[in-house]
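Q: pasted the sequence and its predicted model underneath.
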Amino acid sequence: MLINSIKQTTLLLTIPPPQRQNSNLTSRLRRGIPQLSPLKLVAPSRMLFWLVMAKSQQKTGLKLYIDTTGNLTQNGGGTLEEATLNGLAFNHSGPAAAVQSTITTADGTSIVLAGSGDFGTTKTAGAINVTGAVISADALLSASKATGFTSGTYTVGTDGVVKSGGNDVYNKADGTGLTTDNTQNIIYKMTGL
């Protein structure tokens, strides 16, 4: 299956002529396309096939696999990598040919799985970049309260203490940002003596 173009929620697919092994797949793809209307996908993306099949998988319990050329297939047995997000992060086609997958959701969030250029036995996952994602402060607090989190050079512990380079972080006295320096310069001026 080749992706010709994707505009808004209109999906234009080139599906190979039905053969005995994929005629059911072709009809399921055609039936599943209207169910993707909330998503806006950016081509080229192998995620398209994965998302189109999601509805069929719910009904049939079928799994998708990544074949040896980086394409998605239903025929995988136990020999091929399952087409999970983690599997797509490792996706490649032949030596050093990473297969990139891109998803753009209706709210503008873009998820790009770069695939892996590592064809060796110890594979390295490709980068996963998310842009335009929004999370509420309450959701962030809820998700991080048991583990804390790190952003750039700042670490927030489960107790709420903020550190940078192992040092406690404080608000600057003038309110213009953060500092690891907790000293105050106080100038005494004596008059009338």
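A: Everything's here; your move.

Q: now do the contacts for residue 124.
A: 116, 118 (C-beta atoms under 8 Å, 6 or more residues apart in numbering). Bear in mind the C-beta positions are built from the backbone N, C-alpha and C, glycine included.

Q: look up how far residue 92 lies from it.
A: Remark: distance between residue 124 and residue 92 (C-beta to C-beta, to the nearest Å) = 10 Å.

Q: mind giving me the domain split of this structure?
A: 2-134, 135-186 (automatic domain parsing).

Q: give the rounded mean pLDDT of the first one.
A: Confidence for domain 2-134, expressed as mean pLDDT, is 60.

Q: kindly report the same for stretch 172-182.
A: Across stretch 172-182, the average pLDDT comes to 86.

Q: CA atoms of it as CSV?
A: Coordinates of each C-alpha in stretch 172-182 appear next as CSV, following Å, rounded to 0.1, in the frame of the first residue of the first chain:
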residue,chain,number,x,y,z
LYS,A,172,15.4,35.9,42.5
ALA,A,173,14.6,38.7,44.9
ASP,A,174,13.5,40.9,42.1
GLY,A,175,11.2,38.3,40.7
THR,A,176,13.0,38.0,37.3
GLY,A,177,13.7,34.3,37.3
LEU,A,178,15.4,31.5,39.2
THR,A,179,18.8,31.3,40.9
THR,A,180,20.8,28.8,43.0
ASP,A,181,22.2,31.7,45.1
ASN,A,182,20.3,32.2,48.3
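
Q: thinking again about what came up before, between residue 124 and residue 92, which contacts overlap?
A: By the contact definition C-beta under 8 Å, 6+ apart, residue 124 and residue 92 are jointly contacted by 116, 118.

Q: can you name the helix or strand that residue 142 falls in?
A: helix 137-144 (DSSP states H and E).

Q: which helices and strands does that helix pack with?
A: With contacts defined as 3 or more C-beta pairs under 8 Å, 6 or more residues apart in numbering; DSSP states H and E, helix 137-144 has no helix or strand neighbours.

Q: residues in contact with residue 133?
A: If you count contacts by C-beta under 8 Å, 6+ apart, then residue 133 has residue 109 around it.

Q: and it, which of the three is it?
A: Secondary structure, DSSP: H, G, I helix; E, B strand; the rest coil: residue 133 is coil.

Q: strands paired with the helix or strand following the helix holding residue 142, and their directions?
A: Using DSSP H and E, the helix or strand that directly follows helix 137-144 along the chain is strand 149-151. Using DSSP bridges, strand 149-151 pairs in its sheet with strand 154-156 (antiparallel).

Q: show me the contact partners of the partner strand.
A: Applying C-beta under 8 Å, 6+ apart, the external contacts of strand 154-156 come out as 144, 148, 149, 150, 162, 163, 164, 169, 178.

Q: what about residue 145, neighbour count?
A: Applying other C-beta atoms under 10 Å, we find 13 residues neighbouring residue 145.

Q: just residue 98 next, same as before
A: Counted by other C-beta under 10 Å, the residues lying close to residue 98 total 19.

Q: quick one: contacts for it?
A: 91, 92, 114, 115, 116, 117, 126.
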